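Participant: quick one: sequence and predicted model below, then my questions.
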Amino acid sequence: MEFEAVIGLEVHAQLLTDSKAFCSCTTKFGSEPNSNTCPICQGMPGSLPVLNRKALEYTVLMSLACNCRINEISRFARKNYYYPDLPKNYQISQYELPVAEHGWIEIDTSSGPRRIGITRIHMEEDAGKLIHDERKPFSYVDLNRTGVPLIEIVSEPEIRTPEEAASYLRAVHSILVYLGICDGNMEEGSFRCDANVSIRPNGQRELGTKTELKNMNSFKNVQKGLHYEIERHGEVLGAGGKIVQETRLFDPSTGATVSMRSKEQAHDYRYFPDPDLLPLRVEPELIEKMRGSLPELPREKKERFVRDFGIPEYDAGVLTSERSLAQYFEDTVAIFPNPKSVSNWMMTEFMRALKGQDAGVVSAPVDPENLGQLLKMIEDGIISGKIGKTVFEEMWSSGRGADQIVKEKGLVQVSDVSELTDIIRTILDENPNQVARYLGGKNQLLAFFVGQTMKATRGKANPQLVNEILLVELEKFRN
């Protein structure tokens, strides 16, 4: 029997506010354990939460970016459960009345663009963190993260493959970072994903029993975890067994999932309206203010790059995956107005160098002005493309400009016709056998003569000029 997968994703994104969701404690990462706490986020009796307005603004901004309907009235609820990192024994979240509902985003799939529905976007606070001692049977509780503002973005169960799930996640991640409301750091936990997955026979409308996957801290691990779980479901059902609704953890070291606990239902959390927080009214003025602050989003920017700059769709997708990378490209094109050349260099030399450093685009030692200057020198024939790569590496390691490096190292391209002609004639005279074979039809030997010329000029010869002179001089041997 052929099955299809049904996947829904729950994304938790930490909002880039200076203070927590319901108190004034800092959200700074990496502080001394339990130093960023107060009676409110510790859940002390008599303490009262007050909503962080900036967190609400960021939630509305993401909701608009995901084409959601903003509810005029929403309500905070208490999600009740006991765990050592939850000092109040409940989490302030939203249940029946979220901030926003019924949205969508468009993703790229192997069969073309597809819309994935967004069920809801709601606000909630984060729990603390348990730190397990590797040498002793102890766990430590750090409450610094308790009360940090999150938004949860819940997709419709419309994703059909692990690859689509990864594409959806990348799209959500990119939007959040473009908006400047989340740093998207998966290692630090500011962007997290849980996946609900089931399978059903092709053509069946009824959903199968689902399992929830946790502990997937990269796009690649989301794909791996879903692939494993879909295959496991198929094997269980194929053998006549039944899927147990449960929460499972993905183990990156084995590529497998393991059972964690039985899956909770909504009634297990005993949601009820938080009596300490009034119903939340989102004013129309706030919605319009946030709508006016929406930047050009990744997908719109990608389409513009393809349309206006004439670069390949794949390149445009990579260059617009980060807002800072897209800005770097546009700034370089403003200095050197040859978008395809800029794109080619950024997709190869620039991205390769960037991958080798920890800092991001904004900290790149080669700025758009210097890259534009380098590409102009190549276009003007001052240096060759090959020398340009060497110069770029020096620029990246030293932070100096292209013109300074070229002058210091004497890398100006040899474009003097008479000088190159003398060099080429000497090379042809020293290689009579290769000349004879070339004249006999071994045209690929032209590359040999080009290589010898570049070697003689230490790579500084103008390649186009070398080819032109070689063809003329070789033809003279026929006479």
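Facilitator: Alright, I've got the coordinates. What you see is a predicted model, and the numbers here were worked out from it, not measured in a lab. Numbers count the residues shown, from 1 in each chain.
Participant: can you give me the strands for the stretch 101-250 of the chain?
Facilitator: In the stretch 101-250 of the chain, the strands defined using DSSP state E, counting those that start in this stretch lie at 112-125, 129-132, 139-142, 149-155, 191-201, 211-214, 246-251.
Participant: buried deepest among those, which one?
Facilitator: strand 149-155 (a mean of 24; mean count of other CB atoms under 10 Å). For glycine as for every other residue, the C-beta is placed from the backbone atoms N, C-alpha and C.
Participant: which residues does it contact?
Facilitator: 8-15, 17, 20-21, 27, 52, 55, 58-59, 62, 66, 93, 116-126, 168, 172 (CB atoms under 8 Å, 6 or more residues apart in numbering).
Participant: what are the structural domain limits within this protein?
Facilitator: Listed domain ranges for the chain are 3-289, 296-409, 417-476 (source: automatic domain parsing).
Participant: so can I have TSV of those showing mean pLDDT?
Facilitator: Converted to TSV, these look like this (pLDDT from 0 to 100):
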stretch	mean pLDDT
domain 3-289	94
domain 296-409	92
domain 417-476	87
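Participant: do you know how far Glu206 is from His233?
Facilitator: From Glu206 over to His233 the distance is 15 Å, taken as CB to CB, to the nearest Å.
Participant: and those two? Which one has more around it.
Facilitator: The neighbour comparison of Glu206 against His233 (other CB atoms under 10 Å) goes to His233, with 22 against 6.
Participant: which residue, other than its chain neighbours, is closest to the more buried one?
Facilitator: Leaving aside its sequence neighbours, His233 sits nearest to Ile199 (CB to CB, 6 or more residues apart in numbering; 4.7 Å).
Participant: quick one: the one you found from Leu15, how far?
Facilitator: 34 Å.
Participant: for the nearest residue to Gly255 once chain neighbours are set aside, what are its contacts?
Facilitator: In space, and not counting its chain neighbours, Gly255 is closest to Lys224: 5.5 Å by CB to CB, 6+ apart. By CB under 8 Å, 6+ apart, the contact list for Lys224 reads Pro162, Phe250, Pro252, Gly255.
Participant: next one: Ile116
Facilitator: Trp104, Ile105, Glu106, Ile107, Ser155, Glu156, Glu158, Ile159, Glu164, Tyr168.
Participant: what pairs with the first one across the strands?
Facilitator: According to DSSP bridges, the residues that bridge with Trp104 are Gly117.
Participant: follow-up on the earlier one: what subset of the contacts of Lys224 is buried?
Facilitator: Neighbour counting over the contacts of Lys224 (16 or more other CB atoms under 10 Å) leaves Pro162, Phe250 as the buried ones.
Participant: okay, helices next: where are they in the stretch 251-400 of the chain?
Facilitator: With DSSP state H, counting those that start in this stretch as the criterion, the stretch 251-400 of the chain has helices at 284-292, 298-309, 313-319, 323-335, 339-345, 351-355, 368-379, 385-398.
Participant: how far away from the center of its chain is the third one?
Facilitator: What separates the centre of helix 313-319 from the centre of its chain is 12 Å, taken as CA atoms, centre = their mean, to the nearest Å.
Participant: what's the answer for stretch 218-231, then?
Facilitator: Computed by CA atoms, centre = their mean, the separation of stretch 218-231 from the middle of its chain amounts to 17 Å.
Participant: go on, stretch 2-13?
Facilitator: With CA atoms, centre = their mean, you get 19 Å for stretch 2-13.
Participant: burial measure for Pro87, as a count.
Facilitator: Applying other CB under 10 Å, I find that Pro87 has 18 neighbouring residues.
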